[in-house]
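Student: What follows is a predicted protein model with its sequence.
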Amino acid sequence: IRDLFLNVAPTNARTVRAGMILCVHVALSGLPIGRGATFVVADTVHIAAQADATTGRHAELLTSRAPSAWADVHFTADEEEEDVEEDEGETKVWDGALRHRKGEVTTNAERREQLQQEIFKRKQAEGKDRARTVEVEKQDVSLAGRLARGELASYTTERELPASRGRRLLFEPTRDTVLIPVGERLVPFHLCTIRNASVLGTVLRFNFHIPSGGQQAYRPGLAFPQAVFIKELNYKCPSAGFAESVAAEITAGIKRLKQQEAALREQQGLVQQATLLTDPAGPRLQDVSMRPKLGGARAQNKRGGGNLEGHRNGLRYVRAGQHVDILYNNVQHAVYQPADNEVIVLIHFRLKTPILIGGKKHADVQFFTEVMEDAEALGGASRHYSDEQEIEMEERQRSFVRKLNTESLSFCKKLTALRFEVPVRGQEFTGTAGRATVTVRRTEQCLCALVEGPPFTVIALADVELCVLERVILGQKNFDLVFVQKDYTKQPLRVDTVDMKKLDDLKDWLTAKGVKYYECRQPLAWPTILKEIISDDQKGLWEPWSADPKAGWASFLDVNAEGSDSDSSTEEGDDAFDPDLASSEEEESDEDSDEGETTDEDASVSSQSEDSDEESGVSWDEMERRLAKEDAARGDDSDDDSDSDVKPAKKKPQRAPPRPGPASRPAAPGPSSSAARAGPARPSGIRPGAARPGMPRTAAAAPAMQRR
C-alpha cells in the first residue's frame with residue numbers, strides 16, 4: 001500500500017524503525033527511449049535490529065529470495081496463448097548471470113564470457129564419449145551402377161531372344177531393350193546403355209554411353225576395363241515413319257528409366273514407418289492446407305483444404321482421397337504459431353526421419369489456415385465503405401482470426417502425446433536463409449522461420465555443435481549466423497545478413513541455451529574445413545573441445561586464445577576483398593606493364609628519380625637554375641620525334657608561377673613522394689615531361705607517369 005507520508009524527500013522527518021518491512025519504489029520518467037519511457041524498480045526491504053556482519057547494513061533485500069525463473073514470474077491472461085515452460089538448465093544459467101552477489105558488479109559481456117567458459121568445460125566433459133565420424137558408403141542406385149553390378153540384364157540366356165525377322169529392328173518395352181540386327185543375328189542393347197536416339201531421313205542413329213570425355217567415372221567402364229564400348233551405331237530403316245516411331249518409343253523408355261532412378265534415389269535412406277492405429281473419436285481440424293502439397297493432379301486442382309485427424313499413435317491428413325501419416329514417435333519438434341500479424345495460423349512438424357510426399361523426401365510438414373477472407377483474397381474491384389462499415393469489417397476480421405487461433409490451439413492441446421512449442425513474441429529478427437529473406441523466431445528448443453517456404457528453416461539446438469558469428473566487424477551493419485551440426489557430414493545451417501543490433505541479444509540467448517559461440521571477422525570456407533575435420537576425425541586425430549589452444553575449434557575460431565591461427569585460416573579460406581593488397585597488386589601490375597614501353601622521356605624520368613637523393617639537399621634557387629640550363633640545352637630535339645605531318649600548336653607565352661614562400665615551399669620530393677605520383681596540372685603550351693621554372697624535376701615527370 002502506498003503511503004504518502006513515506007516519500008523519500010528532504011521534508012520527510014519520519015524515522016524508520018527495526019522490524020519494518022518497506023516496499024521501496026524508484027521511478028524514472030522521460031527516458032530517451034523511443035518517444036519517452038517510464039522505468040520503475042521496486043524492492044522489498046526488511047529493517048533488521050542488528051547490522052549484517054558482512055555488509056554492515058541494517059537493511060536486507062527480500063527480493064533476492066524470490067524465484068526468478070521465467071516459469072515462476074510470468075503468466076498468460078489470453079486464452080489463445082499457451083504458457084511457455086522453460087527447462088531447469090536455463091533457470092540455473094540465468095540465476096547466476098542476472099543477480100549481483102556480494103556486491104560484485106560486472107558487465108553483461110563479462111558475465112556472458114564467464115558462462116561461455118563454463119559451457120566450454122561442459123563440452124569438454126561431454127566430448128570424451130563422442131562418437132567418431134564413420135564414412136558410410138551409399139549404394140549406387142543409378143542406372144550405370146546397377147548395370148555394372150549386373151542388376152539390369154535384358155536376357156539371361158540366348159533362348160529368351162525373340163526369333164529374327166530378317167534384318168528388321170525390334171523394340172521390347174517390357175524388357176527395356178532394343179534388338180539391332182548386326183550381321184545375321186539380333187544383338188540386344190538395354191536402354192540404360194543408350195544416351196539418345198536421333199533420326200536423319202531414314203537413318204536411325206544410336207548414341208551410347210562410353211567411359212571417355214567427361215564420363216571417366218562411368219561405372220561399367222571401371223567394372224570392365226578390358227571391354228570395348230560402342231560410341232554410335234547407324235541403322236537404315238525401311239521408312240522415315242518407322243524410324244521416327246522407334247526413336248519416340250526409345251526416348252519415352254529412357255525417360256521412364258530416369259524417373260525410376262530418381263524414385264529409387266528418393267527412397268534411399270527412408271525408414272519403414274509403423275502402421276497408424278486409427279481412432280474415430282480422435283480430435284479433428286477441418287479445412288486446413290498442407291505444405292508441401294500432395295502429389296497427383298486431382299489433389300493439386302481441388303480447391304479448399306483437407307482434414308487433419310489425431311489418432312492413437314499419429315496424425316493423418318486426408319485430402320482428395322489421398323492421405324499422409326505422421327507418427328508421434330517420428331516428430332522431433334512440434335511448433336504452433338498463431339496468426340499474430342501474420343496471414344496464416346500454422347502447425348509445423350520437424351520429423352526425425354523424412355517421409356515421402358509426392359514422390360520426394362520431406363523432413364518438414366506444415367498444416368496451415370489462411371486468415372484472409374475470400375472477399376479480400378479475390379482482389380476484385382475496389383469498393384468504398386463508410387467508417388461504420390470499415391470498423392465492422394475490422395472487428396469481424398479480428399473475430400475470425402481469434403476463432404482460428406482458438407481452434408488450432410484446442411487441437412494442439414488435445415494431442416497429449418506431443419509437446420508443442422510457441423515462438424516467443426518480440427524476439428524475432430530478419431535474415432536471409434537460402435535465397436529468401438525470412439523472419440526468424442525463437443522457440444524453446446530451436447530457431448525457425450515457418451511462414452515463408454518450403455523449404456523451411458528449422459535449426460534444432462540439440463543437433464548444433466557450435467555457432468559461429470561471421471563478419472562481426474566494428475561499423476558493420478549486419479553479420480551472419482552459422483550453426484555447425486554435430487554430424488559433420490551435413491553442411492552448416494546459415495542465417496545471413498542479420499542486423500548488428502541483434503548481436504548481443506543473440507549472444508545472450510545462445511548462452512542461456514548452452515550453445516558455445518565464436519566470432520570471426522570474415523566468412524569461412526566451411527566445405528573445405530569440414531572435409532579436413534572429417535578426415536582427421538576418422539583417423540582419431542580430431543578433438544573439438546581440446547584444452548590445447550592449437551587444437552580443436554579454438555585453433556582457428558578463438559581469436560583470444562594463444563597460438564590461434566584464426567586470422568591465417570580466415571584469409572586462406574575466404575576470398576574477401578583486401579583494399580591494401582589490391583592497391584599494392586595494382587601498382588605492381590602497372591610497373592610490370594611499363595617494362596616493355598620505355599621511351600626517351602621515361603629514361604629521363606628514371607635518371608631524374610635516381611638523382612633525387614642527391615638533389616634533396618640542394619636549395620630551391622639552385623634547382624631552378626639547373627632545370628633551366630637542361631631545358632635550354634635540350635631545345636626542341638624531343639619535338640623531332642613527333643609526327644612531322646602534324647604542325648605543333650602555337651605556344652602562348654606563359655608566365656612563370658610565383659615562387660612559393662618559406663611556409664608553403666614543399667620539401668624536395670623523393671622517389672616515393674606523392675608529388676611524383678600525382679603532380680601539378682600541366683599548362684597549355686608546355687611539352688610533356690619538360691621542366692618549367694618553379695617546378696621540381698620529379699614533378700616534371702608526373703605527366704609522363706600519368707600517361708602510363
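Tutor: Thanks, I have it. Residues are numbered from 1 along each chain as shown.

Student: what sits opposite the most centrally placed residue in the chain in the beta ladder?
Tutor: Nearest to the mean C-alpha position of the chain, by Cα atoms, centre = their mean, lies residue 494 at 3.2 Å. Beta-bridge partners of residue 494, counted by DSSP bridges, are residue 482.

Student: Assign a three-state SS to residue 366, would you?
Tutor: Here residue 366 is recorded as strand under DSSP: H, G, I helix; E, B strand; the rest coil.

Student: and it, how far is that from residue 324?
Tutor: The gap separating residue 366 from residue 324 is 12 Å, by Cβ to Cβ, to the nearest Å. For every residue, glycine as well, the C-beta is placed using N, CA and C.

Student: again with residue 178
Tutor: Distance of residue 178 to residue 324, given as Cβ to Cβ: 40 Å.

Student: between these two, which one's more packed in?
Tutor: Higher neighbour count among residue 178 and residue 324: residue 178, with 27 against 21, using other Cβ atoms under 10 Å.

Student: So the more buried one lies in a strand, does it not?
Tutor: Yes. Using three-state DSSP, the assignment for residue 178 is a strand.

Student: which stretches of the stretch 1-150 of the chain aren't confidently modelled?
Tutor: For the stretch 1-150 of the chain, the stretches with pLDDT under 70 are 1-5, 34-36, 69-106, 135-137.

Student: typo on my end, the stretch 351-500 of the chain
Tutor: Ranges of the stretch 351-500 of the chain meeting pLDDT under 70: 373-383.

Student: Show me the helices in it, by range?
Tutor: Along the stretch 351-500 of the chain, counting by DSSP state H, counting those that start in this stretch, helices occupy 374-378, 387-414.

Student: JSON lines for the ones you listed, including mean neighbour count?
Tutor: Output for those, formatted as JSON lines (neighbours: other Cβ atoms under 10 Å):
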{"stretch": "helix 374-378", "mean neighbour count": "9"}
{"stretch": "helix 387-414", "mean neighbour count": "14"}
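
Student: anything in contact with each of residue 366 and residue 324?
Tutor: Residues within reach of residue 366 and of residue 324 at once, by Cβ atoms under 8 Å, 6 or more residues apart in numbering, are residue 290.

Student: Restricting to C-alpha, output stretch 417-431 in CSV.
Tutor: The C-alpha coordinates for stretch 417-431 follow below in CSV (Å, rounded to 0.1, in the frame of the first residue of the first chain):
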residue,chain,number,x,y,z
ALA,A,417,1.5,-37.3,-26.9
LEU,A,418,3.2,-34.2,-28.4
ARG,A,419,4.7,-31.1,-26.7
PHE,A,420,4.1,-28.0,-28.8
GLU,A,421,6.5,-25.1,-28.8
VAL,A,422,5.2,-21.5,-29.3
PRO,A,423,7.5,-18.8,-30.8
VAL,A,424,8.3,-16.0,-28.3
ARG,A,425,6.9,-12.6,-29.2
GLY,A,426,9.1,-9.6,-29.6
GLN,A,427,12.3,-11.7,-30.1
GLU,A,428,12.2,-12.3,-33.9
PHE,A,429,14.8,-11.0,-36.3
THR,A,430,15.1,-10.8,-40.1
GLY,A,431,17.8,-12.6,-42.0
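
Student: Now do it: everything it contacts.
Tutor: With contacts defined as Cβ under 8 Å, 6+ apart, stretch 417-431 is touched by 81-82, 84, 313, 328, 331, 333-338, 340, 347, 412, 437-446, 448, 481, 495-499, 502, 505-506, 509.

Student: From the residues you listed, keep the buried residues only.
Tutor: 82, 328, 331, 333-338, 347, 412, 438-446, 448, 481, 495-496, 498, 502, 506, 509 (16 or more other Cβ atoms under 10 Å).

Student: what's the nearest residue to residue 499 if we skip its chain neighbours?
Tutor: With sequence-adjacent residues excluded and distances taken as Cβ to Cβ, 6 or more residues apart in numbering, residue 499 is closest to residue 478, at 5.7 Å.

Student: Measure how buried that neighbour is and give me the count.
Tutor: Count around residue 478 with other Cβ under 10 Å applied: 16.
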